[in-house]
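Asks: sequence below, structure please.
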Amino acid sequence: MIPLLLRALLRVTPAALLVASGAAEARDASAASPALWQVKDADTTLYLFGTVHVMKPGIDWFKGPVKQAFDASDELVLEIIEPDDPAALGTTMMRQAVAQDGVKLSDRLSPEARATYQAAMQANGLPWQTFEMFNPWMSGMALSVAPLEKLGYRSDIGAEKILRAAATGAGKKVDALETIEQQVGFFAGLPMAQQIQFLNATVDGLPDMETEFGSLLRYWQEGQPDKLAKMMNESLETTPELAQVLLTGRNATWAHWIKTRLAQPGTVFVAVGAGHLAGKGSVQDQLKALGVASTRVGK
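Replies: Have a look, this model is predicted:
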């Protein structure tokens, strides 16, 4: 099982990052051709692009139709605008991470889950004792991010960073669909039972992280959202409540934003986690329900 956060991160927060696999890195960089969609009316065009948040060097995706659509756009819209100071993000997370009921994190887990969790934390250089004051979602995030450094993945070459730097350099307006506080709040606001489920699923999936997530990234590089959606949707079927909070509900909100934005002339490049644009309940599905058509560019 792929760690739950890593599955969610194709759909969710850049704040917690996204991992890709060594197998994907070995692919020919020139083969990367991620999917792109278009929503338009008489005087407005919105491009919808699914991102990944962490990569290794050598994946050449910012070219072809994606680059042409970006260059033609007046504005870049991301999920969030990350602060230039990483400490600001940490402060936001910490404010919502500390458990208010005083219960130690390990005491929330069954004896078996506790032992597995503590071993996973130690194996990834995370002192579980330090995390005892936190709610389970915080450890789930930490366990999903910690292995990335060992695998050599970098956030500074993630899609959002590349797009934002290019937009700033070109003098384009940069805006966001959500705030950092909102994104962290999606996790922090989960009922405790779901937070525990989230943490346990993340721990259980760590051994298969690199191999299985490599397939997800490969589907992204090859522009195969149907395969990506099938793999991800199957993994989320067991957590419908979490999927509603992290995926479906947000997709519906963004679809309404897109429909409203069509009333304002211009060309906008919207970049969100790739999973938001794949499968049942995707942004495109939500747009269709609102009577707004979206078309795949180049298909």
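Asks: where does the nearest residue to Gly185 once chain neighbours are set aside sit, in terms of helix or strand?
Replies: Take Gly185 and drop its neighbours on the chain: the residue closest to it by CB to CB, 6 or more residues apart in numbering is Gln96, 6.6 Å away. In short, each C-beta sits where N, CA and C put it, glycine included. Secondary structure from DSSP states H and E places Gln96 in helix 86-97.
Asks: ranges for the strands of the stretch 151-299 of the chain?
Replies: Here the stretch 151-299 of the chain has its strands, by DSSP state E, counting those that start in this stretch, at 173-176, 266-273, 295-296.
Asks: how far does the shortest one sit from the chain's center?
Replies: The offset between the C-alpha centroid of strand 295-296 and the centroid of the whole chain comes to 22 Å, using CA atoms, centre = their mean, to the nearest Å.
Asks: which pLDDT does the model give Asp28?
Replies: Confidence at Asp28, expressed as pLDDT, is 42.
Asks: wait, Thr186 sits on Leu247?
Replies: Not quite, residue 186 is Phe, not Thr. No: taking contacts as CB atoms under 8 Å, Phe186 lies outside contact range of Leu247: 9.9 Å.
Asks: picking up where we left off before, most tightly packed of the strands of the stretch 151-299 of the chain?
Replies: Here the criterion is mean neighbour count by mean count of other CB atoms under 10 Å, and of these the winner is strand 266-273, at a mean of 22.
Asks: which residues touch that strand?
Replies: Defining contact as CB atoms under 8 Å, 6 or more residues apart in numbering, one finds that strand 266-273 is touched by 9-14, 18, 43-53, 69-70, 72-79, 159-160, 163, 177, 254, 258, 261, 283.
Asks: what about Ile157, neighbour count?
Replies: 14 (other CB atoms under 10 Å).
Asks: residue contacts, the residue lying closest to it once chain neighbours are set aside?
Replies: Nearest residue to Ile157, sequence neighbours excluded (CB to CB, 6+ apart): Met55, at 5.2 Å. Contacts for Met55 were tallied using CB under 8 Å, 6+ apart; they are Ala20, Tyr153, Arg154, Ile157, Gly158, Ala159.
Asks: let me have these in CSV, adding pLDDT and distance to Ala271 as columns.
Replies: Listed next are the contacts of Met55 as CSV, based on pLDDT from 0 to 100; distance: CB to CB, whole Å:
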residue, pLDDT, distance to Ala271
Ala20, 27, 17
Tyr153, 72, 19
Arg154, 79, 18
Ile157, 86, 15
Gly158, 88, 11
Ala159, 92, 7
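Asks: among the residues you listed, which are located in helices?
Replies: Judged by DSSP state H, the contacts of Met55 include Ala159 as members of helices.
Asks: list just the nearest of the contacts of Met55 to Pro34.
Replies: Comparing the contacts of Met55 against Pro34 with CB to CB places Ala159 closest, at 8.4 Å.
Asks: what about the helices in this protein?
Replies: 4-9, 22-25, 64-72, 86-97, 111-123, 136-151, 159-169, 180-188, 192-205, 209-221, 225-236, 240-243, 249-261, 283-289.
Asks: any idea how far the fifth one is from the chain center?
Replies: Mean-position distance between helix 111-123 and its chain equals 25 Å (CA atoms, centre = their mean).
Asks: with the last one instead?
Replies: A distance of 19 Å separates the centroid of the chain from that of helix 283-289, by CA atoms, centre = their mean.
Asks: enumerate the positions of that helix that are buried.
Replies: Using 16 or more other CB atoms under 10 Å as the test for burial, helix 283-289 gives Val283, Gln284, Asp285, Gln286, Leu287.
Asks: name the nearest residue to the second one, ignoring sequence neighbours.
Replies: Once its chain neighbours are removed from consideration, Gln284 has its nearest residue in Ser294; the separation is 4.6 Å (CB to CB, 6+ apart).
Asks: and the one you found, its phi and psi?
Replies: phi -130, psi 140 (degrees, to the nearest 10).
Asks: what's the per-residue pLDDT of it here?
Replies: Among the per-residue scores, Ser294 shows a pLDDT of 98.
Asks: residues in contact with it?
Replies: Trp37, Gln38, Val39, Leu48, Val283, Gln284, Leu287, Lys288.
Asks: residues near Gln264, how many?
Replies: Neighbour tally, Gln264, other CB under 10 Å: 9.
Asks: quick one, what contacts the closest residue to it other than its chain neighbours?
Replies: Excluding the flanking residues, the one nearest Gln264 by CB to CB, 6+ apart is Thr44, at 6.5 Å. By CB under 8 Å, 6+ apart, the residues touching Thr44 are Arg261, Leu262, Ala263, Gln264, Pro265, Gly266, Thr267, Val268.
Asks: from these, which two are the most distant?
Replies: So, those by CB to CB: farthest apart are Ala263 and Thr267, at 14.3 Å.
Asks: understood, closing this out.
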